[in-house]
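Enquirer: Build the 3D model from these lines:
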Amino acid sequence: MKLAPAFPAKYPCSWLIWEPGKWRPATTTRQSNQATTITDPSVFGRASRPVGTDAFCFHLDEKPGVELTLGRASTSDILVNDLTLSRTHLLLRGGATWEASVAPTCPHPTTFGDQAAPAGAWTPLTSGLSIGAGAVRLTYYDVAGMLARLDVEAKRGNVVLRTVG
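Expert: This is a model prediction of the structure:
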């Protein structure tokens with residue numbers, strides 16, 4: 001793979017991958033007298049979600065102490081427009097190593113690996129860890145793990161990975 005030698009230098013960061021699956025886009029509706037407007041639909045097109053068998057990649061800033069939010073709110077650092085997520089679903093913090101926590105206000109089921117994730121508890125992220133957030137599946141990779149995934153996808157002949165950020 002031609003990318004392998006240059007990849008760690010060009011992308012010295014960890015990755016969060018939104019895996020392909022059924023997409024449930026959030027729309028503007030009214031339910032129980034509560035507005036469920038999630039995001040501005042104009043910001044979501046084919047280039048801002050997994051399409052077909054392609055994953056969608058977010059690189060995670062490696063600055064020490066960085067904190068990010070993941071959810072369907074337009075103010076989220078990592079915006080995942082899927083109705084099965086909370087506006088703020090996950091909190092991420094890290095730098096060289098990353099950990100995640102379910103937001104205290106999140107009522108949706110969340111798993112880290114095959115374990116239920118209680119709100120407020122911080123879980124270290126290890127390369128290849130699958131995160132189930134609502135009906136969305138995410139996978140965390142460090143640089144070496146991402147490179148290994150790219151290698152596998154390239155061998156399958158897949159065109160891989162749109163990036164954001």
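Enquirer: next one: the top helix by length along the chain to chain centre, how far?
Expert: When the chain is parsed with DSSP state H, its longest helix is helix 143-156. How far helix 143-156 lies from its chain's middle: 17 Å, per C-alpha atoms, centre = their mean, to the nearest Å.
Enquirer: by contact count, what packs against it?
Expert: Helix 143-156 sits against helix 7-10, strand 14-18, with contacts defined as 3 or more C-beta pairs under 8 Å, 6 or more residues apart in numbering; DSSP states H and E. Every C-beta, even on glycine, is put in place using the N, C-alpha and C of the backbone.
Enquirer: Let's see the last one as PDB, backbone CA atoms only.
Expert: Coordinates of each C-alpha in strand 14-18 appear next as PDB, following Å, rounded to 0.1, in the frame of the first residue of the first chain:
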ATOM      1  CA  SER A  14      -6.500   8.700  16.500                       C
ATOM      2  CA  TRP A  15      -9.600   8.000  14.500                       C
ATOM      3  CA  LEU A  16     -13.300   7.500  15.200                       C
ATOM      4  CA  ILE A  17     -15.100   5.600  12.400                       C
ATOM      5  CA  TRP A  18     -18.800   5.800  11.700                       C
END
